[in-house]
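K.L.:
Sharing a model prediction with you, sequence too.
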Amino acid sequence: MRNFTKFGKSRTLAVRDPLTERPMNLNTSIIDQQVEKLREDIAIQARDELGIPESKSKSLAFVFLCVRTMLDLDFDQAFDCLTEGGGDFGVDAMHISEESDGEFGVTIIQGKYKTDFTNPANFPANGIDALIKAIRYIFDPRSELGAINPRLNAQVEQARSMISDGYIPQIRAIACNNGLRWNDEGQQAIDRTGFGQQVTWEHVGPDVLVQMLQRTKQVNDSVRLAGKAIFEDMKFSRVCIGRVLVSEVAAIMRKHGDQLLERNIRRYLGLHGNRINESIKETLLSPNASNFYFFNNGLTLVCSDFNYNALQASDFTVKLDDLQIVNGGQTCMTILKTEDELLAKGESLPADAYVLVRIYKLPKDNEDLILQITHATNSQNPVDLRDLRSNNQIQLQLEESIRPLGYTYRRKRMEGPPRATDITSGAAAEAVLAVWRSAPHQAKFLTREHFGKLYDTIFQPSLNGAQVVTGVLLYRIAENHRRRPISSDPEFVRYASCFIAMQMGRRLLQEMRIELPKLDHRNFDIAKDLIDAKGDEFYSSAVQDIQHALVELYGQRTISLQQLSATFRRGDLIDYLLSIDLA
């Protein structure tokens, strides 16, 4: 792309491929630039953990970008999802969510990346066939998978273990490429599967990715209220309470999409497989659609300013600046998806279905109040509260406590790969809960509650920077073995990193001859030196502890990977491990 200035105005020429000099789609160019940068960021890790050579790293970087963008994950979390390589069963990435209401979500991704940009291609039909085959086999605990790489196998057996425990998988299949959607042949293959509503299919290309990456763009628009409304000034803020037609909601979502949900802390859970969203759809399609207003909790909107014609008596048009939906994103997206289905059949949303709307005009410099409103209005459902807790007093104290130790505490989510001296609040929560709170099963499998119900358990007032850093350093050793097991590591290492880290923490304190409250900045250097010198020894001893515990629980019989996964999701081993004499 080339920029030039004429008469003081900047203009942009069409992007061209330097090899062919044919025009390249702008969004395709933007994504290619993103992929090139990520390729550099993950090259070493891709080689060491996945065995991906340089020649294939660009395709992997594209899949990594899709995972991070579509699932809204941190760098390390996104990389953990990657399964590309030999024996990947047509699945380049896989993510398993926590159980909720008897169900759990699974996202599987297959990526295709072409370096020839001159002729955009459809996502190949054989790629769709591979995903279909993967879904048929992965989620049937009785089927044999044959040759499958260890990273994918660990994920698959975890999913199968949850299925065996009675949880129902809701599957999101994403086909991503830097070209076009799958063709009719691919769609016909999907239609023939008979998977029904348990599997949803999405195509993700450059246009979708760029739209997701641009979510921070300010939205200025108008909302048409129906009937009477209440307007009131309150402490330098203004409030409007009214109702809008669901068709109005669909129209504004179609126009702005995810840009309206930047501050909404809950990702869209999907129309199918989520009971709340399915009930919203059912109400909209039922004879009781006129009662939708009474059945729904409504929408909460925040903006920097709004105006309306105060001389009207009803049916106001409210003009909003910097509009965001902080609660009700699930409702909005479900209304839009329902309208899409109706339009495909030549129908439309009911003309007498309304939804409650609350509009808050808040000062531009009061971000904390916006976060508090977001937290409060979303507290009835599982949410990612980490960013909302980032300005909590203990988070600020930990930042100050950790800095003199030579590390940087990242209270808010960060872009790009973390440095060795970076400690994210998410990693800190997981490590502290596993190592110092003796709850390794909750550390690994209840991550959504780390900044919710488990927050006070993890971030107790006595927690200090030295305890956080040492916990993270020990946890990293166990996690490195989970990601890159060595030949002597037993199979359970892929599921037991939190349990191993707990035992390593006990050995560190024993070596220092102190209890946890005595671990602080005054003896941090001693603790760190011990971890550097004896970390591998602590790890090996912890692995032996767990081997003994498994024998105590199961005897000498062979334990399947599904059983191992289930075992480390529970707390069966914890009491036994804590009773082991470390002397």
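P.N.:
Received it, and whenever you're ready, just let me know what you need.

K.L.:
So residue 80: helix, strand or coil?
P.N.:
Secondary structure assignment for residue 80 (DSSP: H, G, I helix; E, B strand; the rest coil): helix.

K.L.:
residues contacting it?
P.N.:
Residue 80 is in contact with residue 483, counting by Cβ atoms under 8 Å, 6 or more residues apart in numbering. From N, CA and C alone the C-beta is placed, and that goes for glycine too.

K.L.:
what's the pLDDT at it?
P.N.:
The score at residue 80 is 91. That number is its pLDDT.

K.L.:
where's it relative to residue 246, distance?
P.N.:
Residue 80 sits 39 Å away from residue 246, going by Cβ to Cβ, to the nearest Å.

K.L.:
what residue ranges in this structure score low on pLDDT?
P.N.:
Residue ranges of the chain with pLDDT under 70: 1-24, 215-217, 235-236, 262-276, 363-385, 387-388, 414-415, 583.

K.L.:
Got the domain ranges for it?
P.N.:
Annotated domains of the chain cover 15-213, 221-374, 388-579 [automatic domain parsing].

K.L.:
contacting residues around residue 107?
P.N.:
Applying Cβ under 8 Å, 6+ apart, we find residue 107 in contact with 70, 71, 93, 94, 95, 97, 171, 172, 174.

K.L.:
That should have said residue 49, apologies.
P.N.:
By Cβ under 8 Å, 6+ apart, the neighbours of residue 49 are 79, 151, 483, 484.

K.L.:
Ignoring the adjacent residues along the chain, who's closest to the second one?
P.N.:
Using Cβ to Cβ, 6 or more residues apart in numbering and skipping residues adjacent in sequence, the residue nearest residue 151 is residue 83, 5.0 Å away.

K.L.:
tell me the contacts of the one you found?
P.N.:
If you count contacts by Cβ under 8 Å, 6+ apart, residue 83 has them with 91, 92, 93, 94, 149, 151, 152, 155.

K.L.:
So which of the contacts of residue 107 is surrounded by the most neighbours?
P.N.:
residue 93 (28 neighbours; other Cβ atoms under 10 Å).

K.L.:
and that residue, bridged to which residues?
P.N.:
For residue 93, the residues forming beta bridges with it (DSSP bridges) are residue 82, residue 109.

K.L.:
before we move on, back to that, just the ones of the contacts of residue 49 in strands?
P.N.:
In strands, defined here by DSSP state E, there are no members of those.

K.L.:
from those, which is closest to residue 389?
P.N.:
residue 79 (24.1 Å; Cβ to Cβ).

K.L.:
from memory that closest one sits against residue 64, does it?
P.N.:
Yes. Applying Cβ atoms under 8 Å, one finds residue 79 in contact with residue 64, separated by 6.7 Å.

K.L.:
joint contacts of these two?
P.N.:
Contacts common to residue 79 and residue 64, judged by Cβ under 8 Å, 6+ apart, are residue 42.

K.L.:
of these two, who's got more company?
P.N.:
Legend: neighbour count by other Cβ under 10 Å for residue 79 and residue 64, higher for residue 64 (29 against 22).

K.L.:
In a helix, that one, correct?
P.N.:
Yes. Judged by three-state DSSP, residue 64 forms part of a helix.

K.L.:
heads up, I number from 433, so please use that
P.N.:
Right, with 433 as the first residue, what we last looked at is residue 496.
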